[in-house]
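Asks: Make a model of this:
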Amino acid sequence: MAPRKKTVPTVSLRPKQAKPTTPQPQASYGDWQSIGVTRARRAAYGAEPRDLRRDLTPYDRLTMVRKCRWAERNSGLFKQILADICLYTVGDGIKPQSHASTPEMQERYEAYFAEKAKRIDITNRFSFYQAQSILLRGMIRDGDSFAAKVRNANGEAKLQLMEAHRVGDPLEGKVPEGMHDGIQFGPFGEYIAVNVYRSDGSSRQILAQSMMMIVDQEYASGARGVPLLQHSINSIQDEMEILALEKQAVKDNGDVTRVIVKDQGVIDGDMAAELGAANGSSYANLASTMGGKLIALSPGESMTSFQSNRPNATFTGFLAALERDISQGVLPYEFVGDSSRLGGATVRLITAKAGRVFSKYQTIIIENFCVPTWGYIIGQAIAAGELPDDPQWNQVSWTTPKSVTVDAGREAANDRADVEMGLLSMSELYAQRGLDFRTEMQKRAADMVHIKDLAEEYGIPFELLFRPSNTPVGTISGDVDEGPESPAGEMEDEGEDEPADLEEPESEDEPNS
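Replies: Numbers count the residues shown, from 1 in each chain. Alright, predicted model coming up:
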């Protein structure tokens, strides 16, 4: 057996390079005062700038979710903000308008979707429009929400709504490579799957094409959404604790009605007898004579009614400052709080800013939930033969609820002028009011036909039933083929056939009648 070769140690001639280390923060004494560290103010603690996936750990996000859900159940202001966003963003529902190639196909697609939308979730409890509100509320409160495309026992296309705590890293085993907080990313950073928890504690992955993630991403490097009101959790808790203490103080002060103030010193026990306080009969006689109650006090004592100064105007203003800090960055404080001190122009500005916020979340709901749901429901129906195919079956627009306004009359007048000038289309005008242009025009046409039939049945002019005070009688004919006729036109025709009688001038001899 040949002897083993001994390993000869080698020496590298390359210079050793120091391992990269994380730079330590240092105090700055330059001209940039925003980065200076002095005794004038506290240092702002925080990690070095890095990706949100490293800044927002699953534990931190779940802690935010837990506190925001606590605030939703206990804070009136927090709940009001959530309710306003859901009410003005979704309202009675964001409704589809099909743009198929023919009006018949548009009507069939919309009717089929409306029927399926009545009970669209897998549990048959929520409609499509209720699901919009639930998912939007979950996104605002928890940071994100999910809806999976599933099938029920009969093979029907359904949706399964999931809240944020149902998605996360696997509880057992190793976390797959490329997964962060339940979101699986591909080699190029694309979103490819979601890890969902089952009720028994196990988990499974759902591909991105079958999962709708409703989220308002604020960072390009983020995986999960951040609760919208997480920045105000500390202020909400402080406000609730301060208000609870103040309420307790008001109760304690309300329980005290009078206060006896006593000076220092001691008097003899016989002093009250000498002053007549011990003689109950005399005080009883005085009370019966003068009415009311008499109280005998020792020398140096005085009795006054207690007047509490809690809460005061300063405390009310302090609470308003806290509430303003809570709502900032979400909705204007005057929109969800007190708007009584605002003028007309300021109210319109606040309403316009809130309207922009609602439009933003409407776009998120439409793009992340409504459009994929339409493609899933209608596409499955076409594949199953329940609906005929159309080259534009997936072309759809969405009608949002009527926008909030404080000048309905003035805006309506401006809209009418814009439509007459051609600056605004009828479809856009109806969409601003939360209505479908085609549906409303069909209703209007049906109403006009009904009015025309009634006019012919009772033998009365059309104008007496439609705009009787604004339309001259005879301008609208009951018979469409004959065209409009007017009494003035008939008089002109008679004038051509027979000359009108001319009035002769009166003679000077004849008396004036």
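
Asks: Not including adjacent chain positions, what is the nearest residue to residue 170?
Replies: Nearest in space to residue 170, with sequence neighbours left out and distances taken as C-beta to C-beta, 6 or more residues apart in numbering, is residue 203 at 5.0 Å. In this view, the C-beta of every residue, glycine as well, is placed from N, C-alpha and C.

Asks: For the one you found, give its distance to residue 196.
Replies: Taking C-beta to C-beta, to the nearest Å as the measure, residue 203 and residue 196 are separated by 6 Å.

Asks: re earlier: quick one: the residue nearest to residue 170 and residue 404, what's the gap?
Replies: Counting by C-beta to C-beta, the gap from residue 203 to residue 404 is 42 Å.

Asks: Show me which of those two is the more surrounded one.
Replies: Between residue 203 and residue 404, residue 203 has the larger neighbour count (other C-beta atoms under 10 Å), namely 18 against 15.

Asks: Would you mark the buried spots in whichever helix or strand residue 446 is part of?
Replies: Here residue 446, judged by DSSP states H and E, is contained in helix 437-458. Under the neighbour-count criterion of 16 or more other C-beta atoms under 10 Å, helix 437-458 has 437-438, 452, 455 buried.

Asks: try stretch 348-366
Replies: 350-351, 354, 357-358, 361-362, 364-366.

Asks: CA atoms only for that stretch - export them in CSV, please.
Replies: Extracted C-alpha coordinates of stretch 348-366, given in CSV (Å, rounded to 0.1, in the frame of the first residue of the first chain):
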residue,chain,number,x,y,z
ARG,A,348,-65.0,72.6,0.0
LEU,A,349,-61.2,72.2,0.2
ILE,A,350,-61.5,69.6,3.0
THR,A,351,-64.2,67.7,1.0
ALA,A,352,-62.1,67.8,-2.1
LYS,A,353,-59.1,66.4,-0.2
ALA,A,354,-61.2,63.6,1.3
GLY,A,355,-62.6,62.8,-2.2
ARG,A,356,-59.1,62.3,-3.5
VAL,A,357,-58.5,59.8,-0.7
PHE,A,358,-61.6,57.9,-1.5
SER,A,359,-60.8,57.8,-5.3
LYS,A,360,-57.4,56.4,-4.5
TYR,A,361,-58.8,53.4,-2.5
GLN,A,362,-61.5,52.9,-5.2
THR,A,363,-58.8,52.4,-7.7
ILE,A,364,-57.0,49.9,-5.5
ILE,A,365,-60.3,47.9,-5.0
ILE,A,366,-61.1,48.0,-8.7
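
Asks: who touches it?
Replies: Residues outside stretch 348-366 that contact it (C-beta atoms under 8 Å, 6 or more residues apart in numbering): 84-85, 88-90, 94, 132, 135-136, 139-140, 214-216, 330-332, 334-335, 339, 342, 398, 400, 403-407.

Asks: What average pLDDT does it get?
Replies: Averaged across stretch 348-366, the pLDDT comes to 92.

Asks: For the stretch 401-513 of the chain, which segments count as helices?
Replies: 408-421, 426-432, 437-458, 487-497 (DSSP state H, counting those that start in this stretch).

Asks: Going by mean pLDDT, which of the ones you listed comes out lowest?
Replies: Taking the mean pLDDT of those, helix 487-497 comes last: a mean of 43.

Asks: show me the residues around the residue nearest the centre of the chain that make contact.
Replies: In the chain, the residue lying closest to the centroid (C-alpha atoms, centre = their mean) is residue 85, at 0.8 Å. Contact analysis of residue 85 by C-beta under 8 Å, 6+ apart lists 136-137, 140, 330-331, 357-358, 361.

Asks: now it: how far from residue 139?
Replies: For residue 85, the distance to residue 139 equals 10 Å [C-beta to C-beta].

Asks: re earlier: any chance of the helices of the stretch 401-513 of the chain in a markdown table, plus distance to residue 128?
Replies: What follows is these, written out as a markdown table (distance: least, C-beta to C-beta, whole Å):
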| stretch | distance to residue 128 |
| --- | --- |
| helix 408-421 | 28 |
| helix 426-432 | 19 |
| helix 437-458 | 17 |
| helix 487-497 | 55 |
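
Asks: closest to residue 390 out of those helices?
Replies: Among these, the nearest to residue 390 by C-beta to C-beta is helix 437-458 (16.4 Å).

Asks: List of residues touching that closest one?
Replies: Contacts for helix 437-458 (C-beta under 8 Å, 6+ apart): 97, 103, 106, 426-427, 429-431, 461-462, 464-466, 478.

Asks: ok, now with 10 Å
Replies: With C-beta atoms under 10 Å, 6 or more residues apart in numbering as the test, helix 437-458 has contacts from 95, 97-98, 103, 106-107, 110, 399, 425-431, 433, 435-436, 460-466, 476-480.

Asks: Tell me which helix or strand comes right after the host helix or strand of residue 374.
Replies: Element membership for residue 374 (DSSP H and E) is helix 371-383. Using DSSP H and E, the next helix or strand after helix 371-383 towards the C-terminus is strand 396-399.

Asks: Could you spell out the sheet neighbours of that following strand, each with its direction?
Replies: Counting by DSSP bridges, the strands paired with strand 396-399 are strand 95-98 (antiparallel).

Asks: For the stretch 51-200 of the chain, just list every one of the helices.
Replies: Along the stretch 51-200 of the chain, counting by DSSP H, counting those that start in this stretch, helices occupy 52-55, 58-74, 76-89, 103-116, 128-142.

Asks: Quick check: which helices or strands does the shortest one pack against?
Replies: The one in question is helix 52-55. Helices and strands touching helix 52-55, by 3 or more C-beta pairs under 10 Å, 6 or more residues apart in numbering; DSSP states H and E, are strand 179-180.

Asks: on contacts alone, who are the packing partners of the strand it packs on?
Replies: With contacts defined as 3+ C-beta pairs under 10 Å, 6+ apart, strand 179-180 has these neighbours: helix 52-55, strand 191-197.

Asks: is it possible to export these to CSV including mean neighbour count, distance to residue 382 and mean pLDDT?
Replies: Shown next, in CSV, are these (neighbours: other C-beta atoms under 10 Å; distance: least, C-beta to C-beta, whole Å; pLDDT from 0 to 100):
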stretch, mean neighbour count, distance to residue 382, mean pLDDT
helix 52-55, 15, 39, 88
strand 191-197, 19, 26, 94
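
Asks: circling back: so among the contacts of stretch 348-366, which ones count as buried?
Replies: The neighbour-count test (16+ other C-beta under 10 Å) marks 84-85, 88-90, 94, 132, 135-136, 139-140, 214-216, 330-332, 334-335, 398, 400, 403 as buried among the contacts of stretch 348-366.

Asks: okay, and for the stretch 201-350 of the chain, where does confidence drop off?
Replies: Flagging of the stretch 201-350 of the chain using pLDDT under 70 yields the residue ranges 264-287, 289-294, 296.

Asks: Show me the strands in it, by range?
Replies: Ranges of strands within the stretch 201-350 of the chain are 203-207, 211-215, 258-262, 301-305, based on DSSP state E, counting those that start in this stretch.

Asks: tell me the angle the third one makes with strand 301-305.
Replies: Orientation note: strand 258-262 sits at an angle of 160 degrees relative to strand 301-305 (axes from the mean of the first three to the mean of the last three C-alpha atoms, to 10 degrees).

Asks: strands paired with strand 258-262, and their directions?
Replies: Looking at strand 258-262 with DSSP bridges, its partner strands are strand 301-305 (antiparallel).

Asks: Distance from the partner strand to the middle of the chain?
Replies: 55 Å (C-alpha atoms, centre = their mean, to the nearest Å).

Asks: Can you give me the buried ones in it?
Replies: By 16+ other C-beta under 10 Å, strand 301-305 has no buried positions at all.

Asks: Distance check, residue 146 against residue 383.
Replies: Distance, residue 146 to residue 383, using C-beta to C-beta: 24 Å.
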